[in-house]
Structures are given as structure tokens and as C-alpha cells.
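Asks: Have a look at this prediction, sequence included:
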Amino acid sequence: MKEIHFVTTSRERWEALEMLLSSPGSKDPDRMSDLYIQLTDDLSYARTYYPDSKTTKYLNGLSSQLHREIYRNKKEDKNRFVQFWLTELPLTIRKYHRILALSFIVFFLSFATGWVSAEHDSSFVRLILGDGYVNNTEENIDKGQPMDVYGKMTEGPMFLYITFNNIYVSFIFFTLGLTLGIGSLWRLFSTGIMVGAFLNFFYQKHLLTDAMLAIWMHGTIEISVAVISGAAGLVLGKSIMFPGSYSRLASIKQGALDGLKIVIGLVPCFIIAGFIESFLTRYYNVSVLLSMSIILLSLAFIVSYFVIYPIQIERKIQPPEKPFGNTFNKREISITRLYYGIAWVLGGTVVTLIAFISGHRYFILAWGSVAYGIYLIQSFLRRKCIF
């Protein structure tokens, strides 16, 4: 872009930074670190396209001043560690919400493909899961223990094996982004097909309820964060293919950093999923209500932390302009209702279906969740908000 356009589009942010640096008192070093990253991106762009201009000299001086201010007001490392999950990771997730949505769409389409393929071809399940696994599962079904695979290993070793394996797989999802994102898409597609074929296998054996309870107790978190790992790979692939206004090398560095942040931030989620699978999933049929509660809470966590919370943090730190006076606050509240409404409807529907299929009367309790979610969505529609 032309230099005048570059200056015009960025001037307001630079002036706000100058005011922040000139204001008395201590400043939030984490906030200033985020500003420093943005400023260095602008400086890198200016050095590339306007190496001898006054704009480049100005940004270089501003960057040096901000760098000194950051290290003078640096907080303790333990606070930085906490802020990573409270602020930095959610903001990174928010930055790539569209890619995250694409990742989930690819997974659900492949899930449907796996289900339909297994429904129309009995040999498809063996092709995807392998003869050994299918034969072993059929033996467990004949013994009346269809989910015995989750109870064969001792809890501790199983927890370590599953957790480290899932973390390893998530890094594979990410590094496959180096193939321009094609490898990450393929892993997402193959994972969705496997899950769809697996569930259809139990559906044909009239054991879908057992499979849903057992798998989604840990799979709600495990599969969701695996899909998010695929999104991290797509972030890396996008940075290679579409550098935008930055040099390709600068774009790849930023994409790799953001993707790595996402994958590292998912580690606690894999630990939680591994714990549930190792210590709780084997008792899925002891209490249907407890199993459904774990599924619902896991779904609420995924939607809240990876969808709703990042949007709220972004608006808190970088509030958008208010072109219509105070109408933005009303719109913000209404859009938040929409997100919460969708979460309540999805969670309530999952619990209702599982309980209804299993013949338990607990599904009546979930009707309230669905009704409340529909109420929130209708409340949003009545306000006719514009995104």
C-alpha cells in the first residue's frame, strides 16, 4: 500500500500509544507487550517498503521507547504465566475464530461422511478401524461389556499414555500446517470419518446410547481440542499462502507463533480429557445423570472459553467505536445472549437425546435448558442486532 494510506490507517493507534507512554504512573506490562508486537509488525512493514522514510524513523524511536517502558514495568513471571490463559490465548483464539469455525465444519462434514459410509457398507468400519479393533469390540459386546476397552488398563498408566499421545497428535496437527494446511485438513477429515464410523458401528449393534455416554464423557473435550489443534495447523498454512501486507517470512513467523500458542494452550485440556477417560469413562453406566452432567459441563467449557470468552476479552481490551451512542452496549448484550442461547440449546439437546434413547426420565430436566436457550435466541432476534 502507499505510505500515506499506511500512516492514515495506523495513526490513531500510534497516537494512543504515545499518550500511554507519556501518562504518569505504572503501566500494565502485558498490555504494553501486546502493543509492542503490533508496533514491531508496523515497523517491519515500514522497513520493508519505506526504508528511508520519516515514518520508519518515527516507528523505530517509538518502538525503542516502548521496549524500555516494558522492561522497566515488567511484572513477575508467575503473573505472566496466568495471563497467558486469561488474556493472551483467548485473544489469539479470537483472532482466528473464522479458521476455527472452518475446522469444525470440516470435522462435522467428515463425521457425517463416516456415518453414512458405515451405514451403507458393512466393511467400511473394518477399513477405518482395523480388523483387530473391530473383532475385539465384537467379543466385548458378546460378553455384555461393549466398552470394556476403557477398563482394561490401570488408571495411572492409561492416563499418562492417553494424555501424552493426545498432546503428540495435537502437535502433528499443527506441524502439518507446513504443507500449506492440506495435511491438517486431511487429519481433520480422517478423524471425523473415524468417529462417525465408530459411532455408526455401535448404532448398528443397538448400543448407541452406551457409545455416546462413554465416548463423549471424555470426547467432548478431547475431540474438540483436537479440532482446534487442526485449526492451529490451518493458521500456519494460511500464513504461508496468504501473507497479506507483510513479507512472507514475517507472516510465517507470526502464523507459527500464534499456532504454537494455541497448541500449547490446549495442553491442560488434554490433561483433563485424559483424566476423565482414564478414571471416569469406565464407570459411564453407573449413573447416566452423572455421565450426562460431565458431557454438558465439558460442552459448556468449550463453548465458553473458546467462543464466548475471547469475544468478551477482545471487547474489554479493545472496545470498538460506538457510532450510535449507547446502542453498542445493547447490541453487545444481545449478541452475548445469542452465543449463550446456542450453547444452552446444543447442550440441552445432547443430554435430552442421550437420556431419551436410554429410556431414562432425566431428559425432562434438559428440556429447561433447551427452552431457556430458545428464549435467549428469540430475545436476540427481537432486537434485530446487526453484527
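Replies: In hand now; what should we look at?
Asks: which element is Q145 on?
Replies: For Q145, there is no host helix or strand (DSSP states H and E).
Asks: Count the residues that sit near it.
Replies: When neighbours are defined as other C-beta atoms under 10 Å, Q145 has 14 of them. In short, each C-beta sits where N, CA and C put it, glycine included.
Asks: Skipping adjacent residues, who's closest to it in space?
Replies: G151 (7.8 Å; C-beta to C-beta, 6 or more residues apart in numbering).
Asks: for that neighbour, phi and psi?
Replies: phi -120, psi 10 (degrees, to the nearest 10).
Asks: Hmm, it is touching F279, no?
Replies: No: under the criterion of C-beta atoms under 8 Å, G151 makes no contact with F279, lying 10.9 Å away.
Asks: quick revisit: per-residue pLDDT, the residue nearest to Q145?
Replies: pLDDT, G151: 75.
Asks: so how far is L185 from it?
Replies: Distance, G151 to L185, by C-beta to C-beta, to the nearest Å: 35 Å.
Asks: Tell me which of these two has more neighbours.
Replies: Between G151 and L185, L185 has the larger neighbour count (other C-beta under 10 Å), namely 21 against 15.
Asks: Which residue comes closest to that one once chain neighbours are left out?
Replies: Leaving aside its chain neighbours, L185 sits nearest to V106 (6.2 Å; criterion: C-beta to C-beta, 6+ apart).
Asks: and that neighbour, helix, strand or coil?
Replies: Here V106 is helix, with the state taken from DSSP: H, G, I helix; E, B strand; the rest coil.
Asks: ok, it - contacts?
Replies: Applying C-beta atoms under 8 Å, 6 or more residues apart in numbering to V106 gives the contacts 185, 188-189, 192, 230.
Asks: In the stretch 201-350 of the chain, where is pLDDT below threshold?
Replies: Scanning the stretch 201-350 of the chain for pLDDT under 70 picks out the ranges 245, 318-350.
Asks: give me that answer again for 90
Replies: 205-215, 241-254, 277-293, 311-350 (pLDDT under 90).
Asks: which stretches of it form helices?
Replies: For the stretch 201-350 of the chain, the helices defined by DSSP state H, counting those that start in this stretch cover 208-241, 248-265, 267-275, 288-303, 309-317, 327-358.
Asks: just the stretch 51-200 of the chain next, same as before
Replies: Going by DSSP H, counting those that start in this stretch, the stretch 51-200 of the chain shows helices at 54-72, 77-83, 89-95, 97-120, 124-129, 131-142, 155-175, 182-204.
Asks: closest to I252 out of the ones you listed?
Replies: Of all those, it is helix 155-175 that lies closest to I252, at 13.2 Å by C-beta to C-beta.
Asks: what's the average pLDDT for the closest one?
Replies: Mean pLDDT, helix 155-175: 92.
Asks: now the angle from it to helix 248-265?
Replies: Angle of helix 155-175 versus helix 248-265, following axes from the mean of the first three to the mean of the last three C-alpha atoms, to 10 degrees, is 160 degrees.
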